[in-house]
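# what shape does this take:
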Amino acid sequence: MRTIIHNSSVSTTPPRVNSQLQLVALFAALLLTTFLSKAMDFNAGTYYFDNSKVKFSSVRFVAGNSAASTTFVLQMDTVEGKQWWQFALSKTLSDVDYYAFIESDMDADTIMMAPELFFENLVEQQVRTSMLKESYAWAYNYPGWVFCPVFNVAQCDGYWRPTNSYNGSPSRTVPVIHINTKDSTDIASKEYISANIWIDNCDLAGFESLGTETEPLEMEIKGRGNWTWLTSHKKPYKIKFAKKQSPLGLTKSKHFVLRVDTQDWSGYLRNETGFEVSRLLNMPYTTSQLPVEVILNGEYMGMYLFCEHIRVEKGRVDIVDQEDNETDPEKITGGWLLETRGYESTAYHQFENNDPNGLHYFLESHTPEVLSEAQSSYLANLISKTDSCIFVPEKNDRGWEQYIDINSLARFYVIHEIMENVEAFDGSLYMFKEIGDSTKLNFGPVWDFDNSYAEGTTQDRFIYDYTYYPFLWIDEIVKFPRFQEEVRKVWKEFMQMNGLSKIRAHAAEWRNLIQDAEQADKVRWRTYASAHGENKPAEFLDWITQKVRWLNEQWGEKLQGDVNGDGKVNVSDISALINMILGTTEMNEIDADLNSDGKVNVSDISVLINIILGIQ
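Residues are numbered from 1 along each chain as shown. Sure, this is the predicted structure:
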């Protein structure tokens, strides 16, 4: 094994790997970074570690390249007048694919003899790791930057920022949420801690402040999310008010979410657009969200999406709230609020299942949360019966419609096709069922569009044709003619309302609403700034337009040239097209762009005239 050592004493005798390895995780502040296809470099210069939260008595920097079996250990020195430690590199340290700042009395030889065991042990102790895309590597460190742990506990990650920068300040163009935890405790886990909150409407029309700085409201807060919680330095949170509130006009409840959407390359459009399509297609409930800026324990944390939490409650999933541990045969028929998972979790009761095609998945029960034997049996039997009716050779059979509401599934499916959400029928898939023997599973509410228009997707395929994620039921249900008929009905509804134009209009309003807050957020979180380029929103909307065009070719019935939708192609369509071009009537891009060049202009009038004359 080749070693590189600076400012460390190295023995020529290989040390024995001893029980000290078991103690490392208790004293490590870790950023373990693994790139998908490219390691990172630490260029020559001085780097700093902010010790103000973790308060280590000594700090060492450990880094290396696992493939090359190269390890680097460096003792850091204090910085006079600051709670910082520093180290200097005389030359570039290249191809680093893991690094950590640690407090440990383990000798450098021991670390270097077994670096894989060193880091593996940290991970086994549930130290959070950061998986970063290659495109973010450039943003992570520069000479003169300081690494800032996020939490005041050993098992933490953190972020790099310039030493001469400041954390920024809110734009105050959206409401500002002030949260103060008890004793300024860091929110370091998914367990609630006590806090208080007040919301400043910043004198913005349409919003009311809630509480005040001197009289805040009591609440609890904890970490939330899966991938984002593990990998993002800007953390998402779940909050619970002591009493029900309707903050900023959202549905009255105790429960709300602060989303971050740090990896949303579309300029914060993916989830909001998905919610808007759900509203357009009249899903029973669609969660609402608002852009806010958050100040946590006096520190500006950037722009968040303040969102309603999906739960059984009036104004949200409005069904009977089934009691935990219920045994009554009638009452265990509902209400149920279920969510699919591709992995095992202990957060809620899970039902583990394999469908007849071999798909292994977990079904979580959000309501009820604690299940009696009778409830568990009912749920298992319901899913088993549904499976047996879906996976049949005769696709004209309608048995599956006894258990699934076909219209809700068609709407849910169309939403996710428009959004090119390849994860739609894997994780974060919600279903609900009202009480009663004859009630059915309804799909929704929609929630997670983080994988919409993901890398590698195209706009000329159905989402179930991808193999990125498994698909619960949908790849089998699309084979039923009755379902395809229902999908075409929903699609006709979307096209008749000029759905694409409404999506574009809503996106423009949303981008205008968040633009200043987003810029302030980029100052606070330089790491994620590159994900939100100026042209990304337009690119995202172009992709949706392409997908809607392709879906219309698959599901649409309209005559080419029937711009006004009256079932005929004549001079009245020319008049309608001219009015769309002039902006005097609402644009229907799919039907008006007759030459399919992505624009609606006079060249489309020429095409329309040729259609009417029979030339084209």
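# residue 143 contacts residue 46, correct?
Yes: applying CB atoms under 8 Å as the test, residue 143 and residue 46 come out as touching, 6.2 Å apart. Where C-beta positions appear, they are placed from N, C-alpha and C, glycine not excepted.
# what sits in contact with each of these two?
Common neighbours of residue 143 and residue 46 are listed as residue 89 (criterion: CB atoms under 8 Å, 6 or more residues apart in numbering).
# tell me how far the residue of the chain most remote from its centre lies from residue 187.
Here the chain reaches farthest from its C-alpha mean at residue 613, the gap being 50.8 Å by CA atoms, centre = their mean. Computed with CB to CB, to the nearest Å, the distance linking residue 613 and residue 187 is 68 Å.
# how deep is residue 548 tucked in, by neighbour count?
22 (other CB atoms under 10 Å).
# ok, now which ones touch it?
With contact taken as CB under 8 Å, 6+ apart, residue 548 is in contact with 418, 499-500, 590.
# cutoff 6 Å now
For residue 548, the residues meeting the contact criterion (CB atoms under 6 Å, 6 or more residues apart in numbering) are residue 500.
# please, which helix or strand holds the residue nearest in space to the middle of the chain?
If you average the C-alpha coordinates of the chain and look for the closest C-alpha using CA atoms, centre = their mean, you land on residue 450, 4.3 Å from that point. Here residue 450 is covered by no helix or strand, with elements defined by DSSP states H and E.
# give me phi/psi at it?
Residue 450 has phi and psi values of phi -70, psi -20 when expressed as degrees, to the nearest 10.
# the closest residue to residue 58 other than its chain neighbours and residue 87, how far apart?
When the adjacent residues along the chain are set aside, residue 58 lies closest to residue 103, with 6.0 Å between them (CB to CB, 6 or more residues apart in numbering). Residue 103 sits at a distance of 14 Å from residue 87 (criterion: CB to CB).
# same check on residue 308?
Distance of residue 308 to residue 87, computed by CB to CB: 46 Å.
# which one of these two has more residues nearby?
Set side by side, residue 308 and residue 87 show more neighbours around residue 308, with 22 against 19, by other CB under 10 Å.
# that one is in contact with residue 286, isn't it?
No: proximity of residue 308 to residue 286 does not meet the contact threshold set by CB atoms under 6 Å, at 9.1 Å.
# give me the pLDDT for the residue nearest to residue 58.
According to the prediction, residue 103 has pLDDT 74.
# quick one: residue 312 from residue 369, how far?
Between residue 312 and residue 369 the computed distance is 10 Å (CB to CB).
# distance check, residue 548 against residue 360.
In this structure, residue 548 and residue 360 are 34 Å apart, going by CB to CB.
# no wait, residue 211
Here the distance between residue 211 and residue 360 works out to 46 Å (CB to CB).
# tell me the bridge partners for residue 367.
Beta-bridge partners for residue 367, by DSSP bridges, are residue 337.
# residues contacting it?
312, 322, 337.
# just among these, which is most surrounded?
Using other CB under 10 Å as the neighbour test, these are led by residue 337, with 26 neighbours.
# what sits closest to residue 470 if chain neighbours are left out?
Closest residue in space to residue 470, ignoring its immediate chain neighbours: residue 359 at 5.0 Å, by CB to CB, 6+ apart.
# which pLDDT value belongs to the one you found?
On the pLDDT scale, residue 359 is placed at 75.
# ok, now residue 29?
Residue 29 carries a pLDDT value of 38.
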